[in-house]
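1. Provided below for reference: sequence and predicted model.
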Amino acid sequence: MATATTGDTVQVHYTGRLDDGTVFDSSEGRDPLAFTVGAGQVVPGFEDAVTGMQVGDSKTVRLGPADAYGERRDELLLEVPNEQLPDDLEPEIGMELALRGQDGQAMPVRVAAVGEEAITLDANHPLAGKALTFDVQLVDID
């Protein structure tokens, strides 16, 4: 039976949980997630977990931050003076916004703090710094 290796397109069903048991993502009730092993389309630890699996195999894997979305980085906290905000924006903690980088690409950020003179934006991935546990079932290999 074939095993998933670099270059294969695989389909998996998965459920991702935080250490407290909170489910942060799942393919339950949806089509399986399809990705190419080795293409960097999913976090490295998830890709590593699928490598070597055969169709029908299931496993549970816990990924530390380095194998998931990385550690939180303080340099990704940005303070923006209120006068630089659009007039119609009423920022609230947790609000998701997008900044446009010098290359024109949109970068997702979240409002981390709202002050009288500035707001703090967080460009870290929401799951950065967290360990993630995945239940994975390999459904198909193309």
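-> Cool, got the structure. What you see is a predicted model; the values in this text were computed from it and never measured.

2. going forward, measure contacts and count neighbours with C-alpha atoms only.
-> Will do.

3. What strands flank the worst-scoring helix or strand of the chain on mean pLDDT, and is each parallel or antiparallel?
-> Ranked by mean pLDDT, DSSP states H and E, the weakest helix or strand in the chain is strand 96-100, scoring a mean of 91. With DSSP bridges as the test, strand 96-100 is paired with strand 106-114 (antiparallel).

4. and the next element down the chain from the strand it pairs with?
-> As assigned by DSSP states H and E, the chain's next helix or strand after strand 106-114 is strand 118-122.

5. Any buried residues in the helix or strand just after that following strand, and which?
-> Of the helices and strands lying after strand 118-122 in sequence (DSSP H and E), the nearest is strand 132-141. Neighbour-count burial for strand 132-141, counted by 16 or more other Cα atoms under 10 Å, picks out 132, 133, 134, 135, 136, 137, 138, 139, 140, 141.

6. Equivalent analysis for stretch 90-108, please.
-> Neighbour count says stretch 90-108 has residue 91 buried, by 16+ other Cα under 10 Å.

7. Any chance you could list what contacts that stretch?
-> 109, 110, 111, 112, 113, 114, 119, 123 (Cα atoms under 8 Å, 6 or more residues apart in numbering).

8. And stretch 18-29, by the same measure?
-> 13, 14, 15, 16, 17, 33, 130, 131, 132, 133.

9. tell me the average confidence for that stretch?
-> The average pLDDT for stretch 18-29 rounds to 97.

10. Tell me the gap between it and the middle of its chain.
-> Put simply, stretch 18-29 sits 12 Å off its chain's centre (Cα atoms, centre = their mean, to the nearest Å).

11. Just the endpoints, please. Distance across it?
-> End-to-end distance for stretch 18-29: 20 Å, by Cα to Cα, to the nearest Å.

12. excluding its backbone neighbours, what's nearest residue 93?
-> Sequence neighbours aside, residue 111 is the residue nearest to residue 93 in space, at 5.0 Å (criterion: Cα to Cα, 6 or more residues apart in numbering).

13. Hmm, that neighbour is touching residue 119, no?
-> Yes. Using Cα atoms under 8 Å, residue 111 is in contact with residue 119, at 7.1 Å.
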